[in-house]
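need coordinates for the following:
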Amino acid sequence: MSRPSRFESFRYLGDKRNQVVYDLDLVDDAGLGPVIDELMRSESFAAFGPDTLAEARNRGYRPHASIRARDDEREE
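Presented below is the predicted three-dimensional model:
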């Protein structure tokens, strides 16, 4: 899946409805294409500046399970 056209230069995309942040680099591997498509249709998304996971957390967003799984793999 390609990145949503409005977010081609962003990596992290937040869902305002449930305060979850997604890593657009992991969408294909995690099978999140339909989730991101639905999020774009809902227009309940947020981008972060700076475009970092730390900034998303500062704004109260929790990382999606795909981000946590990636981080767990890196620790092993």
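
please make it C-alpha for all contacts and neighbour counts, starting now.
OK.

isn't residue 10 right next to residue 47, touching?
Yes: using Cα atoms under 8 Å, residue 10 is in contact with residue 47, at 7.3 Å.

any stretches of the chain with poor pLDDT?
1-2, 76 (pLDDT under 70).

excluding its backbone neighbours, what's nearest residue 56?
Nearest in space to residue 56, with sequence neighbours left out and distances taken as Cα to Cα, 6 or more residues apart in numbering, is residue 48 at 6.3 Å.

what about that neighbour, distance to residue 11?
9 Å (Cα to Cα, to the nearest Å).

one more: residue 55?
Going from residue 55 to residue 11 by Cα to Cα gives 12 Å.

got it, and residue 36?
Residue 36 sits at a distance of 13 Å from residue 11 (criterion: Cα to Cα).

now stretch 47-61: how far from the chain's centre is it?
Counting by Cα atoms, centre = their mean, to the nearest Å, stretch 47-61 is centred 10 Å from the centre of its parent chain.

what does it contact?
Outside stretch 47-61, the residues within contact range by Cα atoms under 8 Å, 6 or more residues apart in numbering are 10-14, 19-21, 62-63.

same question, stretch 23-35
For stretch 23-35, contacts defined as Cα under 8 Å, 6+ apart pick out 1, 3, 10-13, 36, 64, 66-67.

if we use 10 Å, what do you get?
1-4, 7-8, 10-14, 22, 36, 38-41, 52-53, 63-67, 69-70 (Cα atoms under 10 Å, 6 or more residues apart in numbering).

how about stretch 23-39: buried residues?
Residues of stretch 23-39 classed as buried by neighbour count (16 or more other Cα atoms under 10 Å): 23-24, 27, 32-33, 36, 39.

in a markdown table, list those along with secondary structure.
Listed next are the buried residues of stretch 23-39 as a markdown table, based on DSSP: H, G, I helix; E, B strand; the rest coil:
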| residue | secondary structure |
| --- | --- |
| 23 | strand |
| 24 | helix |
| 27 | helix |
| 32 | coil |
| 33 | helix |
| 36 | helix |
| 39 | helix |
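
residue 64 and residue 20 touch, don't they?
Yes: in this structure residue 64 lies within contact range of residue 20 using Cα atoms under 10 Å: 5.9 Å.

which one's more surrounded, those two?
Set residue 64 next to residue 20 and count neighbours by other Cα atoms under 10 Å: residue 20 wins out with 18 against 14.
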